[in-house]
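# attaching a predicted model along with its sequence, questions to come.
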Amino acid sequence: MPPIASLECARCHHHLDASEPRTLCPLCAGSLYVRYDMDALRASAQKPGPLAPPSMWRYADVLPAAGPVTLGEGWTPMLASRRYPNLWIKEEGANPTGTFKARGASLAVTMARRYGLRKLAVASAGNAAGALAAYAAAAGIEAHILMPQDVPLANYLEAKAYGAHVTLVDGLISDCGRILAERKEAEGWFDVSTLKEPFRVEGKKTMGYELVEQLGWTYPDAVFYPTGGGVGLIGMWKAFEEMEQLGWVSGKRPKMIGIQSSGCSPMARAYREGAGAARMFEHAATFASGLRVPKPYGDWILLEIVRASGGLILDYPDAEILRSLLDWSEREGLLLSPEGAAATAAYDHLLANGFLSPEDRCVLFNTGAGLKYVDTLARAMGLHLPAKLPERMPVGGIITPQ
Ligand SMILES: Cc1ncc(COP(=O)(O)O)c(C=O)c1O
Ligand SMILES: [Zn+2]
């Protein structure tokens with residue numbers, strides 16, 4: 001595991017040392033990237049061998065030196081579609097807490113423990129909160145969570161079960177972020193919200209390493225990524241840059257295709273308008289709750305990456321996303337998350353309009369397990385059980401806590 005050479009601001013390229021915990025660039029409030037001495041890494045870093053752990057820590061040679069807080073995240077299946085010969089689903093629902101957020105949380109909590117931080121706080125659309133709660137519990141660190149009161153029930157349940165301090169907010173993730181900023185100093189919280197500290201992106205970059213390794217150290221032609229805050233996409237692009245510098249992959253990088261719901265599509269709108277940043281998306285509402293980010297902090301980074309890759313940012317109505325979700329459940333045996341189904345809807349569309357051909361090798365990220373959305377999907381599908389359950393369920397004489 002290499003030492004961190006510096007933390008570099010994505011906007012003004014100011015370098016900071018990593019000897020103490022950092023959030024944003026002190027000069028311009030830009031997000032920070034972890035940088036290593038790449039000359040030294042070229043000599044020392046090895047591609048994972050047959051004995052490498054079946055987790056994201058197989059890439060320990062390109063992750064910061066620290067004792068991992070791990071629950072077995074990463075090295076998720078790359079599933080070949082049964083219908084489309086050149087399409088793979090990267091099944092991130094197989095992660096602990098059922099989403100790719102586990103990767104970022106694992107590294108952020110690993111580094112928090114290394115720095116001796118005691119209270120971590122996050123503003124989350126839901127899944128990042130569940131992941132932080134799990135890893136904080138594993139590390140014996142406090143997790144303070146602010147999330148919208150209408151998150152999928154699984155997100156509330158997991159955060160409570162892992163013992164996090166949960167504040168449900170009558171609003172969106174942007175309101176959660178504002179409240180967090182107001183309270184963090186008095187509470188002594190360290191903010192690990194999306195792109196407000198360097199290590200969640202660093203953990204998520206392992207998705208880029210994995211997809212290239214799983215395709216035999218080659219790039220696909222396109223990567224489809226459901227985009228909320230954009231961290232997954234930003235992390236993968238960083239991975240591609242590093243792997244090229246290490247000589248682990250070469251050739252044309254994939255087109256990066258970001259997908260949103262039409263109910264909250266600030267990035268797709270900015271992309272269409274040719275803008276350099278996103279405007280606040282008013283009245284955001286979608287059942288793909290992970291995509292309900294009305295003004296992503298890293299909007300400009302995301303736009304730069306997508307354009308540099310020759311990709312697109314698209315959006316689809318929830319009805320079309322649900323149609324694709326059911327199509328994949330019934331015909332491929334995969335219960336995707338609504339976010340993942342936004343990607344499958346986009347694939348159908350881009351094949352139909354000729355942007356992609358059936359020969360193009362494409363990787364679609366199912367960023368979470370469909371079963372994290374039981375209540376959301378039941379509502380969308382008009383399903384309910386006939387039995388009336390008691391308000392509180394006695395469990396072996398113990399009443400479950402609220
Ligand atoms: C299941 C799921 N997919 C995608 C996203 C969007 O993630 P990103 O911030 O990397 O764009 C989220 C974010 O909450 C999510 O929970
Ligand atoms: Zn800066």
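That came through fine. Ligands and ions are numbered 1, 2, ... in the order given.
# give me every residue that touches the closest residue to V223 other than its chain neighbours.
Using Cβ to Cβ, 6 or more residues apart in numbering and skipping the chain neighbours, the partner closest in space to V223 is P254 (4.6 Å). In this view, the C-beta of every residue, glycine as well, is placed from N, C-alpha and C. Neighbouring residues of P254 by Cβ atoms under 8 Å, 6 or more residues apart in numbering: 219-223, 309, 311, 363.
# okay, now P226: neighbour count?
For P226, the neighbour count with other Cβ atoms under 10 Å is 32.
# that one against A288, yeah?
Yes. Using Cβ atoms under 8 Å, P226 is in contact with A288, at 7.0 Å.
# any residues in contact with both of those two?
Joint contacts of P226 and A288 (Cβ under 8 Å, 6+ apart) are 337, 339, 342.
# for the contacts of P254, give me a markdown table that also has distance to Y59, pLDDT and neighbour count.
Shown next, in a markdown table, are the contacts of P254 (distance: Cβ to Cβ, whole Å; pLDDT from 0 to 100; neighbours: other Cβ atoms under 10 Å):
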| residue | distance to Y59 | pLDDT | neighbour count |
| --- | --- | --- | --- |
| Y219 | 17 | 98 | 21 |
| P220 | 19 | 98 | 21 |
| D221 | 23 | 98 | 16 |
| A222 | 23 | 98 | 25 |
| V223 | 18 | 98 | 28 |
| S309 | 22 | 98 | 19 |
| G311 | 24 | 98 | 22 |
| V363 | 17 | 98 | 26 |
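# and which of those is nearest E244?
Nearest to E244, judged by Cβ to Cβ, of the contacts of P254 is Y219 at 9.8 Å.
# which of the three states applies to the closest one?
coil (DSSP: H, G, I helix; E, B strand; the rest coil).
# any idea how far I301 is from it?
Note on Y219: its distance to I301, by Cβ to Cβ, to the nearest Å, is 20 Å.
# surely C12 meets L27?
Yes. Using Cβ under 8 Å, C12 is in contact with L27, at 5.7 Å.
# so what's the nearest residue to S193 once chain neighbours are set aside up against?
Distance criterion Cβ to Cβ, 6+ apart; nearest residue to S193, sequence neighbours excluded, is A123 at 4.7 Å. By Cβ under 8 Å, 6+ apart, the residues touching A123 are 146-147, 173, 176-177, 179-180, 193-194.
# before we move on, what about S6?
15-18, 35.
# also Y297?
31, 194-196, 229.
# before we move on, the earlier item: now render the contacts of A123 as JSON lines, adding distance to ligand 1 and pLDDT.
Formatted as JSON lines, the contacts of A123 follow (distance: Cβ to the nearest ligand atom, whole Å; pLDDT from 0 to 100):
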{"residue": "L146", "distance to ligand 1": "14", "pLDDT": "98"}
{"residue": "M147", "distance to ligand 1": "10", "pLDDT": "97"}
{"residue": "I173", "distance to ligand 1": "8", "pLDDT": "93"}
{"residue": "C176", "distance to ligand 1": "12", "pLDDT": "96"}
{"residue": "G177", "distance to ligand 1": "13", "pLDDT": "95"}
{"residue": "I179", "distance to ligand 1": "18", "pLDDT": "97"}
{"residue": "L180", "distance to ligand 1": "16", "pLDDT": "97"}
{"residue": "S193", "distance to ligand 1": "10", "pLDDT": "92"}
{"residue": "T194", "distance to ligand 1": "6", "pLDDT": "87"}
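# looking at those residues, state which has the most neighbours.
Counting by other Cβ under 10 Å, top hit in the contacts of A123: I173 with 31 neighbours.
# where does it fall, phi/psi-wise?
In terms of degrees, to the nearest 10, the main-chain angles of I173 are phi -60, psi -30.
# can you tell me the closest non-neighbouring residue to it?
A125 (4.9 Å).
# so the one you found is in which element?
Following DSSP states H and E, there is no helix or strand that holds A125.
# was I right to think it contacts V293?
Yes. A125 is within contact range of V293, at 6.3 Å (criterion: Cβ under 8 Å).
# what sits in contact with each of those two?
Joint contacts of A125 and V293 (Cβ under 8 Å, 6+ apart) are 173, 228.
# for stretch 6-15, the distance to its chain's centre please.
On the basis of Cα atoms, centre = their mean, to the nearest Å, stretch 6-15 sits 22 Å off its chain's mean C-alpha point.
# so is it next to ligand 2?
Yes. Stretch 6-15 is in contact with ligand 2 by Cβ under 5 Å from the ion, via 9, 11-12, 14.
# most surrounded residue in these?
C9 (19 neighbours).
# ok, what's across the strand from that one?
Taking DSSP bridges as the rule, C9 bridges to L32.
# distance of it from W248?
From C9 to W248 the distance is 26 Å (Cβ to Cβ).
# host element of F365?
strand 362-366.
# please read the previous query as pertaining to A121.
Counting by DSSP H and E, A121 is part of strand 119-123.
# tell me the first helix or strand C-terminal of that strand.
helix 127-139.
# how far does that next one sit from its chain's centre?
Distance, centroid of helix 127-139 to centroid of chain: 14 Å (Cα atoms, centre = their mean).
# what of stretch 316-324?
21 Å.
# just the mean pLDDT for it, thanks.
For stretch 316-324, mean pLDDT is 98.
# now do stretch 125-144
98.
# establish whether that stretch and ligand 1 are in contact.
Yes. With Cβ under 6 Å from any ligand atom as the criterion, ligand 1 is reached by stretch 125-144 at 125, 127-128.
# enumerate the residues of the stretch 201-350 of the chain near ligand 2.
So far as Cβ under 5 Å from the ion goes, the stretch 201-350 of the chain does not lie against ligand 2 anywhere.
# tell me where the stretch 201-350 of the chain has strands.
Counting by DSSP state E, counting those that start in this stretch, the stretch 201-350 of the chain has these strands, from start to end: 222-226, 255-261, 312-316.
# list the pairing partners of the first one within its sheet, with orientation.
Looking back up the chat, that one is strand 222-226. Here strand 222-226 has these sheet partners by DSSP bridges: strand 255-261 (parallel), strand 362-366 (parallel).
# got those strands as JSON lines, with distance to ligand 1 columns?
Listed next are these as JSON lines, based on distance: least, Cβ to the nearest ligand atom, whole Å:
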{"stretch": "strand 255-261", "distance to ligand 1": "8"}
{"stretch": "strand 362-366", "distance to ligand 1": "8"}
